[in-house]
Every structure is written in structure tokens, then in C-alpha cells.
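Undergrad: build the 3D model from these lines:
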Amino acid sequence: MREDDMMLEIYQLLNNPSPLSLHRILEDRRDAMGLNNFQMAKILGVDKSTLNRQMEKLGNGNVNSVDFFLILKLCQFLGIRIEDASKLFVASLPPDNIKELEMARKANYIMSNFDVKGLKDQGFIDTATDFERIEERILKFFGLSSIFHYGTEVGAVAFSRTKSTSHDKMREFWVRSAIFQFEKIDNPNEYNPDTLLSLIPKMAPYTRYVEKGFHHVIQALYNIGVTVIVQSYLAKTQVRGGTFVVKGKPCIVITDFNKSYPHLWFALMHELYHVYYDFEQLKSLKYHLTGEAQSDLYLFREDYADMFGWEMLFPKEKRKYIKHMIKSEAYVHAYAKENMVHHGIIYASYCEERLSEDSKNEFGFYRPMFGSSEKALQYVKCQPWNKDSLLEEIEKIKKSFVVQ
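TA: Alright, predicted model coming up:
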């Protein structure tokens, strides 16, 4: 029997105590063999008084000071499996000891599944040592009745448990939280890839409406079955965004990683590439993260998604035309207006192209022209990590999808 399986049986026994105690079973086995305590003590090489004292403690439920090694020797002699003896011994503990043991089990589960230090640094929890408070915070945040339901009720996706690092745990927390939100949002609109493909080229003009353009596009996507949420970047994850398939429909999470207005739009277009071109693969994988190292087995072409993103916002032929006038702010603004795109898109796409094709980094000079994403996010960005309940934040998100 695996250790995890044995511990599960022990805790099930704690919740449903057996009518038979270890003391009773030992006495029954002794009597069945036609022995008394004196004979057993001699066979085991201990004093009769020592054996009597240990048996008496077991009978009175005073198991704290029992010589467990002696009890195990006794069990082996009487043919009782060590696993069974351990389960019955634990079930004989006083209520206070059982509570301490249960709390230790919960603390172990929390340490195994959560990056406690990372969540404290993020402000999600305010302690890294008080596990009762940590448990209470997680239960309330996800609306769980037991901490052990986290793995099955919050974004039930299989994760590797081999040498799980703090980075892995934080990423898992991010992914599970995202899936949990999408499940609760439960977009009722049907997804049609052809409808999406016809909508994407119409998005670029909305970049000119800094305050509400991004919000309007997210609402339009929701109405064709694509759910998009924007939330704060979670430290240690390196995740800039992600594409998910939840309940058979595409879902996107974008973070405010760059805090750049044009890169906010680019991130959306990047993930829409995965929605349209990788949807069938995502159905089996459940999700794909942008910014994380990917296995070559999955064949997600991030370079294609990048090219698609900028091409949909500001085509290469137009970038080629304007790059010779890029130093003229007035000309760039006029060209942006003429082509119905935000000027920050022109500057950002120029910088990205220069970096990828010529290995020249001009972000430092042109970044002030990009513009901040702050205004665009005021209607759509959710801040789940500092909320008491994620369910409350989900209701707020659902309202944001409704066109006023």
C-alpha cells in the first residue's frame, strides 16, 4: 500500500471511528492463541509489568505515552499488520491530538500545493506561518468547504507533482484560478471560428478609443463565444497571457505585464491567433501559456502568433512606409489617424521589428510614445488577488460583458 493511500485510510477512520480498538484486537488475538500477558512478555523479551502497563494505557485511551515500538512488536507477534495497527492507533488518539494531526496534514497539503512565500509577497495572504489563517483565506477565496477540495474543485487540470518548485506552484495557482473563473462565468454564446476571423480585422480602429475601445472589443468577443479577462500579473509566473478551452469554448487571460497600451492590444491578438489556429489542440491540452517555456511536443508557434498580432494591428507594408518618418511625431500621428490606428501601435510595432530584424533596441527612446494601458483597463481589469472572494470578482466581470 502506498503511503498516501494508507494516510487516506487513517483519516477516513478518524472521521468514522471503528468500534474495535487496538487494545481490544490485541487482547482477542492473545486469547485466541491461548496466551496470557506473562507468556507474551517472556516471548517478546520484556517485563510483564512493562507489558501490562502499556496494555493498560491502550485500554484507557492514554496513548500519548505508549511505547509504540513495543506495541508494533506485539502486533507482529500476534499477526496484526503494521498498517492496520497504525490506523487503529491513530484512531485511538484523544480529540486534541487528532485536531493537531489534522492541522499538520492540512499544513502539509498547503505547503505541497501553494507557494506560501510567493502568495504572501503578492499580498494574497498576510502570513506564511499561521496555517489556520492561510486555510481560511483559501477556503473563502474559492468558496471551498475543505482545503483538500482545491485540487478537484478549482480548475481541475492535471499537474506534475515531480519536484514542484515555487514557480510551478504559483503558475498552477494562476492557471487553476483562471479556469475557475471561466467555469463560473460560463459564457452562454456559441463560438464560431469563421465569425471570429471576420471580426479580428475590424478591431484595429478601436485602438484609437483609448478609454473604452478595448472594453468594447472584449464585449464583442464575448458575444461570439470568446471570453476575455484581464487581471494583474502574478509574480514568479512569467505568464503574460494564456489561452484556455473551458466547457468547449475559447477563453483568454491577459495580464498587465508590460503596462503598455499597444502591447495590451498585441497580447490580445497574440492569444486570438492561438484561439483560431490552435483550438483543436487546446481542446486536449486545456490551456497554453504565453511567456512560459513550452515543450516542442506541443508545436505552438509563438513567432507566428507574434507576427499575426502586429499584422492585424498595423500591416507590415504600412510599417515599411512609415519607418522612414518615424522620428517625426506629427507625421506619425497624422498617419495613425489616416489609417485608423493608435499612434502607440505604430511606435511599438516599429521597435519590435527593429529588435527582431536588426537587433537594435529602440524601446528606450520610443516607449514614452506608446502610452499607458491604465485608462484602457479601468473598465475591464480585475484585481482578484486582494479580494476576499473570487466569486464576487467573477460577478463583477460578468457585468462588464453586458453592453450598456
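Undergrad: so which bits of stretch 386-397 are buried?
TA: Counting neighbours by 16 or more other CB atoms under 10 Å, one finds that the buried residues in stretch 386-397 are 387, 390, 393-394, 397. For the C-beta atoms, the positions are set from N, CA and C on the backbone; glycine is no exception.
Undergrad: repeat that for stretch 222-239.
TA: Along stretch 222-239, the positions that meet the burial threshold by neighbour count (16+ other CB under 10 Å) are 222, 224-234, 236-239.
Undergrad: of the buried residues of stretch 386-397, closest to residue 187?
TA: Minimum separation from residue 187 among those (CB to CB) is found for residue 397, which lies at 11.0 Å.
Undergrad: and the pLDDT at the closest one?
TA: Reading off the confidence values, residue 397 has pLDDT 90.
Undergrad: low-scoring pLDDT stretches of the stretch 101-250 of the chain, where are they?
TA: Across the stretch 101-250 of the chain, the stretches falling below the confidence threshold (pLDDT under 70) are 156-166, 235-238.
Undergrad: all the helices of the stretch 201-350 of the chain, residue numbers only.
TA: 213-223, 261-277, 279-285, 302-313, 316-322, 329-338, 343-358 (DSSP state H, counting those that start in this stretch).
Undergrad: most neighbours per residue, which of these?
TA: Each of these was given a mean neighbour count from mean count of other CB atoms under 10 Å, and the largest, a mean of 24, is that of helix 261-277.
Undergrad: all the strands of the stretch 101-250 of the chain, residue numbers only.
TA: Assigned strands in the stretch 101-250 of the chain, in chain order: 227-231, 241-246, 249-255 (criterion: DSSP state E, counting those that start in this stretch).
Undergrad: for those strands, give me a markdown table that also has distance to residue 40.
TA: Below are the strands of the stretch 101-250 of the chain laid out as a markdown table (distance: least, CB to CB, whole Å):
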| stretch | distance to residue 40 |
| --- | --- |
| strand 227-231 | 65 |
| strand 241-246 | 62 |
| strand 249-255 | 65 |
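Undergrad: closest one to residue 265 among these?
TA: When those are ranked by proximity to residue 265 (CB to CB), strand 249-255 comes first, at 9.7 Å.
Undergrad: okay, which residue is most central for this structure?
TA: residue 173 (2.2 Å; CA atoms, centre = their mean).
Undergrad: gap between the two ends of stretch 246-265?
TA: The straight-line separation of the ends of stretch 246-265 (CA to CA, to the nearest Å) is 23 Å.
Undergrad: what about stretch 246-263, how long is it end to end?
TA: 25 Å.
Undergrad: for residue 110, which of the strands of the stretch 101-250 of the chain is the nearest?
TA: Evaluated over those, closeness to residue 110 peaks at strand 227-231, with 22.7 Å, by CB to CB.
Undergrad: what's in contact with that closest one?
TA: 178, 181-182, 185, 187, 218, 221-222, 246, 249-256, 264, 268, 377, 380-384, 397, 401 (CB atoms under 8 Å, 6 or more residues apart in numbering).
Undergrad: PyMOL command for the buried members of those?
TA: Filtering the contacts of strand 227-231 down to the buried ones (16+ other CB under 10 Å) takes a single PyMOL command:
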select buried, resi 178+181+182+185+187+218+221+222+246+249+250+251+252+253+254+255+256+264+268+377+380+381+382+384+397+401
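Undergrad: check which residues of stretch 179-194 are buried.
TA: 179-185, 187, 191.
Undergrad: same check, this time on stretch 365-384
TA: Within stretch 365-384, the residues that qualify as buried by neighbour count (16+ other CB under 10 Å) are 366, 369-371, 373, 376-377, 380-382, 384.
Undergrad: mind checking which of the residues you listed are in helices?
TA: Secondary structure of the buried residues of stretch 365-384 is defined by DSSP state H; positions in helices are 366, 369-370, 376-377.
Undergrad: hmm, back to that, out of the strands of the stretch 101-250 of the chain, which gets nearest to residue 72?
TA: Using CB to CB as the measure, strand 241-246 is the one of the strands of the stretch 101-250 of the chain that comes nearest residue 72, at 49.6 Å.
Undergrad: could you double-check that residue 310 sits in contact with residue 351?
TA: No: because the distance of 10.7 Å does not satisfy CB atoms under 8 Å, residue 310 is recorded as not touching residue 351.
Undergrad: would you mind measuring from the residue nearest to the centre of the chain to residue 132?
TA: When CB to CB, to the nearest Å is applied, the distance between residue 173 and residue 132 equals 20 Å.
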